[in-house]
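Chemist: Please work out how this folds:
(chains A and B, ligands or ions: 4)
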Amino acid sequence: MNEFARDIRHAGALQPLVSWPFFQLDHAKCIKCEQCVRICNEVQHRQVYTIDGDGYPALVSGTTDFRDTECNNCGQCVGVCPTGALKDLTDKGRLPKHLRTKTTTICGYCGVGCAIELETENDRVVAVNPSDTSDANIGNLCVKGRFGMDFIHHPDRLTTPLIRRGGKDGPLEEASWDEAIAFAACRFNEVKAKYGPHALAGITSSRATNEDNYVFQKLIRCAFGTNNIDHCARLCHMASAVALKNAVGSSAPSASSPDVRMATAFIIVGSNTTETHPVISSQVMKAKYEDGARVVVVDPRRIEMVNHADVWLRPKPGMNVAVLNAIAHVMLEEGLEDRAFIAARTENFEAFRANVKDYSPERVAELSGVPADRIREAARIYGKAERGMLLWGMGITQHLTGVDGALAMANLSLLSGHVGKPGTGFIPLRGQSNVQGASDMQGQHNALPGYHSIKDPKDRAKFEKAWGVPMPDNQFKTVVQLEEGALHGDIRGMYIMGENPMGSSPDIDEVAHGLKALDILVVQDMFLSETAALADVVFPVASFAEKDGTFTNTERRVQLIRPAVSPPGEARPDWQVVCELSTALGYPMSYPSTAAIMAEIASLVPSYAGMLHERLGPSGLQWPCLDTNHPGTRFLYAETFPTPSGKATFSVVKQEDAGEDVVDDAYPLNLNTGRLLEHYHTGTMTRRSRGLDHMRPEGEVEVHPEDARRYGFIDGDRARIVTKRGAVEVKVKVTDKTPEGAIFYPFHFGEAPANRLVGSKFDPASHTPAYKRTAARLDRIN
Amino acid sequence: MSNLTSRTLDGRGTSDANKSISVDGVEVAVRDGDTIFVAAKRAGIGIPAMCADPRIKPTGACDICVVEVAGRDGFVKACTEAARPGLKVATQSDTLTAYRRSRLNAYLADHNAYCQPPCQAACPAGIDIAGYIDLITQKKYVEATALIKEMLPLPGILGRVCPRPCEDPCRRKQIDGEAVAICALKRFAADEAVKTGQPTQPEPKPSTGKRVAVIGAGPAGLSAAYYLALQGHAVTILEAEREAGGTLRFGIPSYRLPNHVLDQEINDILSLGVELKVNHALGRDYQIDDLKREGYDAIFLSFGAMVGKSAGIPGENAPGVISAVKFLAHVNWGERVELGERVVVVGGGFTAADAVRTARREGAREVTMMYRRTKKEMTAAEHEVHECEVEGVKFDFLSAPHSIVVENHKVTGILAQRMELGEPDESGRRRPVPVPGSEYFTPADTILMAIGQDVDSYSLNESHLNTNKWGHIIIDEETMMTNIRGVFAGGDCATGAATVVEGVAAGRKGAFAINAYLNGGDSKAIAAAVWSEKPKFFDIGAEAKSRARLAQMPVIDEHTRTGAFRTSGHIGPFDNDGAFAEVELGYTEDVALAEAGRCLLCVCQARGACTLQKLSIQYGAGTKVYRGKEAWTP
Ligand SMILES: Cc1cc2nc3c(=O)[nH]c(=O)nc-3n(C[C@H](O)[C@H](O)[C@H](O)COP(=O)(O)OP(=O)(O)OC[C@H]3O[C@@H](n4cnc5c(N)ncnc54)[C@H](O)[C@@H]3O)c2cc1C
Ligand code: SF4
Ligand code: SF4
Ligand code: SF4
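Modeler: Ligands and ions are numbered 1, 2, ... in the order given. Model prediction:
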């Protein structure tokens, strides 16, 4: 208990409103301005606050605990309070706010790329403020960005390099940088000498900066001499990337946050936007509640966005393509297509039209369980809108038909002409802070930086000249193929930067076998992750708050990150480690700064040509940025598409349901996996944030009340989720968020990993795994 | 990629060069849909407001963003008023200021809170008091001590001898009349931390290769050495006496500050690799130039103010008249001083208080403290005066020495003059003026003069070093530097006799100044390193209503104490150690926790970022009346 609130408490006055362990509201300091109430209502659109009889903010629940309300701890109210009444309980600072050192940088969590201000004292981050400098978030933040930065100083951070001097069975022991680098280099070179360069592979991270990713892929190609490199975008959005590349010529999201704020209609498919991209979601709500935009949600789960939707389509799992084709069907039937746009800017329209003819709402209603009139209504909302916007997430991509789903989305965009104009377009929402940048640096299909083809002789020559070595020409392998390669002995040495395949890849028991079978595994991480624990060499690295460089967010916005504190112990920024290892491997790399790396990227990648660090202002620059005078590009395709003909292509996609795991008597439930608001990826960071882990200390499986009744579970029971691949033990949460017949389990929890349950089946075109649908059953635990 | 086209227009809110309004005489461009507030803000003119957030629709509820618009009666709310081209807006005027102030006062009437703790502001060292008291309530004594040591490396010492300026303004007084025992809690934390044996100081930074000489091992010098060593500099302390500690060792008697506490904290500082050279007196054994020649990169002077002032009265040089500091030094070094039966001590400060109590311990039966003013004006701490009374010291207030009466080359007593209090002097205390014809005689065997100490800069033989008329070394207050480059000074030698906590604070400032200097900083950089914020208060209860009733500390009872005092009949080997045992006993954990629980932790996280605070300071709003309970009990 604090401050003179204690005294007031003694006097028996008001109890503070508490959202432990994030913030609390002390009435003593409250001046009843209602800003907190209003930002919660008007920006977050949640049922949290009301005003009590004395004019003070109170909770709708009538209690003093925010957990009794819909509050999701975004802390927007804390940020807007003009006094100290709403107090950040995670603030560890001692100096008055205005005397602390402040560094504006970019949140290292998700792909929204929010600008944040880190407050530091004595080389420690003590508090986080939102920053209104960037268009990406215009001052908004979610719970992870505002309250989840304490992982930076977690005692588990690695501070010295570790090596297994005693071989595979020996312990990981502390080592000097020189020894660890030499050890790793020597073992990689041994593998290369014995088995050739293609026995080596690298996996990089979408959480590392563009500069880190660039030097990493350069090491793999030039020092290892192989094309065996991939990153975890494979596991989430490669299906979107492949689809968009085919449809519109580039894998990138076409629109930006400002366009989201301007749109007048949305179709949101398979994205739990309020939880996974909270700040984008608040911009959707701004468009809806301030400017009357209409929202269509397509999702089997009763996600929060459903509460804000004008129309909710709840298809059976895996029926996205049918529903989207039906929407196209209705648009054509009712003449809502943009004929001029179709004629001038697209190809293959007739084949597409013929295909969607088969998808009448009535037929699709039977297939998907979505009533026909709802499909019609959705089609009208989007088709008639002045500015339409499509948002999608892993609910589209992590299916065996992931590419088809994304193509069906692209079709809608082309059909309506809602692309290439302000306030229109499509955004596949990226999971991690730098998924877009990691792709830009090495592309899908393992391209050279900037999507240069590894096969095109002209492109190869360009990079051979720049890098001074011949380019490797082996066939690319995906993350999952690389992991399988490890299991079968094709891959003998692996270098993993900032990635935790032991948490994120499908079928993790197999992955573990594969990684253990390697001759040499080098992992570079902030923590001893499940993967790092298997490594022969572990390099400790700096967090995003301890280094500089750039992230490219989900709207192609390249933004500078800046160091606020120094790395713990001997940890170093990724790019420095990569350069040293490369030098030790025999391909010397050295850069005086990350700005120098970016200058090299700019010289090789046309869309980054103007992205010099010194040009990146508060809102960064959005690619393409073609020269050093170019202002960047807010939305794409205003005049042409980057295809040989300059036109976009309609695709013929059919609802197929051949390969996916179909429920049967033994496994009667559809298991869906995904993310929670409070955690991020495999939880290496968020699980080490006191507040975030306090909110969600363990994974819970969501079970529909009907299913709970059927299988005899009540809320809080413990159950074992069993699939054909494995089982994990979890707590049961009974909720109608998930539809009957389906269960949902998040993948952030290493002690009970979701990915032990899901298979290694892939979308054939993109190799994105089918995480969203696996047949499962729930067993009781007594 | 290159055939992607670029677009940056957002299709709405376009600006038109021809549209503008005038704000405080400045032409400000406006866009469609702008309010006056938004247009002014874009042009960099901030209109004060409590509730303007661009993400929330403006309502004008706070009523502070009011402005005057030419041609309109009354005020206009800038956040809701459309910026129609051509408007002439004034954001500042006397009536606006008065109105805004009244609005802010209305807010503050509901706002029963404190921005900043007054105790911390009153502490010369600026310790985070609320911070360490909060840690004590959590029983984190090592952490509490470490926190104190960020500002002051001698917590156990200050916890015993500090005159506690921090307790005067303590807000707890306004609730139940008694300040929080800030100082005693500091001692408690430090003593508990020592018991654990755990470190309370950080590891020094890697060596910088720079060498610094510190002259004088008193509180100022020790503190400078500590913070310099933590920065990685090689520090050598050169001390004239045979042991380190300065006045702490040979001024303050051990019944107030036991040697083991002093030794412990000095050793902690030396353990950082600080070198101590005793019997090294500047001006006797070496000069500043020698030090420079020996390769010291910077020098910190902290040799104190050690010489007793003379009163300039007849008979002052007779045997039996001793300077009180000299007397205390002898006793502190364990030497015997024959005082006789009756002792008069002239003065009312620390030294006088220590001298009377030490004289009692040394066997003087009748000890009188002679002071020109009244008890209220004494600079010795209140509780100390109380202990003097307990130990049987007599007071003779409003009395000033006139001359010493000497017979046969021996003192027989003192002739004094009655005083009365006149107008306050510059220190705010009422100036004593003599009552004509009121001389009277007091018999005495020894007279101890405790009327202040001087800086003995003369004996340094440093003619290049600038000093003022009192012999204090002149320093640039902002950089702590003397007129000689690379030579800094602080503590009593630069200020005249002051207090331990001021000395420690000066030492820390000196260390930061020297560090900046050694890093190549110019005087601006040095000043920036030394700068500390002077808090501005506007909030409730910021001003002390009266002097605090200071918290009581448990002490050894009177009989045990005086029973150990030397008596005149007692001759033989000097052994009255019992009389010099520490009088104050320190808190037990229960008492300490209860006391710590009384602290209101008057510190607001939002201070410095708070809009209400900022505007209230700007507009002179704010009440200083404590309403706490009254405002909160239904
Ligand atoms: C009897 C007495 C009691 C006091 N009680 C209190 C109290 O209870 N609380 C309080 O806050 N303050 C008290 N004070 C005041 C306080 O002690 C001083 O303000 C404080 O010690 C000043 O610190 P300093 O480091 O500047 O100097 P000092 O403590 O005086 O230290 C100066 C050091 O420099 C050395 N030195 C001197 N000349 C040379 C030279 N030429 N070369 C090398 N070294 C030299 C000295 O030997 C000494 O070690 C008291 C003072 C006295 C005299
Ligand atoms: S924003 Fe702060 S001061 Fe305003 S009503 Fe909310 S808690 Fe009170
Ligand atoms: S800083 Fe602001 S909230 Fe805190 S006490 Fe001062 S006026 Fe109140
Ligand atoms: S109550 Fe505590 S924080 Fe406030 S003035 Fe007193 S000691 Fe300082």
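Chemist: Tell me which residues of the longest strand seen in chain B come out buried.
Modeler: The residue-count maximum for a strand in chain B (DSSP state E) belongs to strand B:410-424. Going by neighbour count (16 or more other Cβ atoms under 10 Å in any protein chain shown), the buried part of strand B:410-424 is B:411-419, B:421. C-beta here means a position set from N, CA and C on the backbone, and glycine is covered the same way.
Chemist: From the contact counts, what lies against that strand?
Modeler: Applying 3 or more Cβ pairs under 8 Å, 6 or more residues apart in numbering or on different chains; DSSP states H and E, one finds that strand B:410-424 contacts strand B:342-346, strand B:399-407, strand B:430-434, strand B:440-443, strand B:446-449.
Chemist: I'd guessed A:G741 sits against A:V703; true?
Modeler: No: applying Cβ atoms under 8 Å, one finds A:G741 not in contact with A:V703, separated by 10.4 Å.
Chemist: Partner strands of the helix or strand A:L118 falls within and their direction?
Modeler: Per DSSP states H and E: A:L118 is located in strand A:115-121. Note on strand A:115-121: by DSSP bridges, its sheet partners are strand A:101-106 (antiparallel), strand A:124-130 (antiparallel).
Chemist: closest to A:I152 out of those strands?
Modeler: strand A:124-130 (5.3 Å; Cβ to Cβ).
Chemist: Mind checking if whichever helix or strand comes after that closest one is in reach of chain B?
Modeler: Next in sequence after strand A:124-130, counting helices and strands by DSSP H and E, comes helix A:143-147. No: Helix A:143-147 does not reach chain B (Cβ under 8 Å from any Cβ of the partner chain); its nearest approach is 14.3 Å.
Chemist: about what we covered before: can I get the longest strand of chain B as CSV, trimmed to CA atoms?
Modeler: The C-alpha coordinates for strand B:410-424 follow below in CSV (Å, rounded to 0.1, in the frame of the first residue of the first chain):
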residue,chain,number,x,y,z
LYS,B,410,45.1,30.8,36.6
VAL,B,411,41.5,31.1,35.5
THR,B,412,39.0,31.7,38.3
GLY,B,413,35.9,32.4,36.4
ILE,B,414,34.2,34.4,33.6
LEU,B,415,32.6,37.8,33.6
ALA,B,416,29.5,37.7,31.4
GLN,B,417,26.9,40.2,30.2
ARG,B,418,23.1,39.6,30.0
MET,B,419,21.6,39.8,26.5
GLU,B,420,18.1,40.3,25.1
LEU,B,421,16.8,39.4,21.7
GLY,B,422,16.3,42.1,19.2
GLU,B,423,15.6,42.2,15.5
PRO,B,424,16.1,39.0,13.4
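Chemist: mean confidence for that strand?
Modeler: Strand B:410-424 comes out with an average pLDDT of 90.
Chemist: Count residues in the vicinity of residue 385, would you?
Modeler: If you meant another chain, say so; for now it's chain A. As a burial measure, A:A385 scores 21 neighbours (other Cβ atoms under 10 Å in any protein chain shown).
Chemist: The intended chain is chain B.
Modeler: B:V385 has 17 nearby residues by other Cβ under 10 Å.
Chemist: Find the centremost residue of chain B, please.
Modeler: Among the residues of chain B, the one closest to the centroid is B:P124, at 1.4 Å (Cα atoms, centre = their mean).
Chemist: Could you look up the SS state of it?
Modeler: What DSSP: H, G, I helix; E, B strand; the rest coil gives for B:P124 is coil.
Chemist: can you give me the strands in the stretch 451-600 of chain A?
Modeler: Ranges of strands within the stretch 451-600 of chain A are A:493-497, A:520-525, A:537-540, A:549-552, A:557-561, based on DSSP state E, counting those that start in this stretch.
Chemist: Of the strands paired with strand A:115-121, which stretch is the most buried?
Modeler: strand A:124-130 (a mean of 22; mean count of other Cβ atoms under 10 Å in any protein chain shown).
Chemist: Other residues contacting that strand?
Modeler: Residues from elsewhere that reach strand A:124-130 (Cβ atoms under 8 Å, 6 or more residues apart in numbering or on different chains): A:79, A:88, A:90-94, A:97, A:100, A:102, A:114-120, A:137, A:139-141, A:145-147, A:149-150, A:152-153, A:545, A:564-565.
Chemist: Show me how far that strand is from its chain's centre.
Modeler: Taking Cα atoms, centre = their mean, to the nearest Å, one finds the center of strand A:124-130 at 23 Å from the center of the full chain.
Chemist: any idea of the mean pLDDT for that strand?
Modeler: 92.
Chemist: now stretch A:375-394
Modeler: For stretch A:375-394, mean pLDDT is 90.
Chemist: Next: stretch A:216-235.
Modeler: Rounded mean pLDDT across stretch A:216-235 is 83.
Chemist: Please give me every residue in contact with residue 466.
Modeler: I went with chain A, as the question did not name one. Contacts of A:A466 (Cβ under 8 Å, 6+ apart): A:600, A:603-604.
Chemist: should've been chain B
Modeler: Counted by Cβ under 8 Å, 6+ apart, B:N466 has contacts B:473-474, B:482-483.
Chemist: Can you turn the buried part of those into a PyMOL selection?
Modeler: The PyMOL selection below is limited to those of the contacts of B:N466 classed as buried (16+ other Cβ under 10 Å):
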select buried, chain B and resi 473+482
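Chemist: distance of the nearest residue to B:K77 once chain neighbours are set aside from ligand 3?
Modeler: Of all residues not flanking B:K77 in the chain, B:G60 sits nearest, at 3.7 Å (Cβ to Cβ, 6 or more residues apart in numbering or on different chains). As for B:G60, its distance to ligand 3 is 22 Å (criterion: Cβ to the nearest ligand atom, to the nearest Å).
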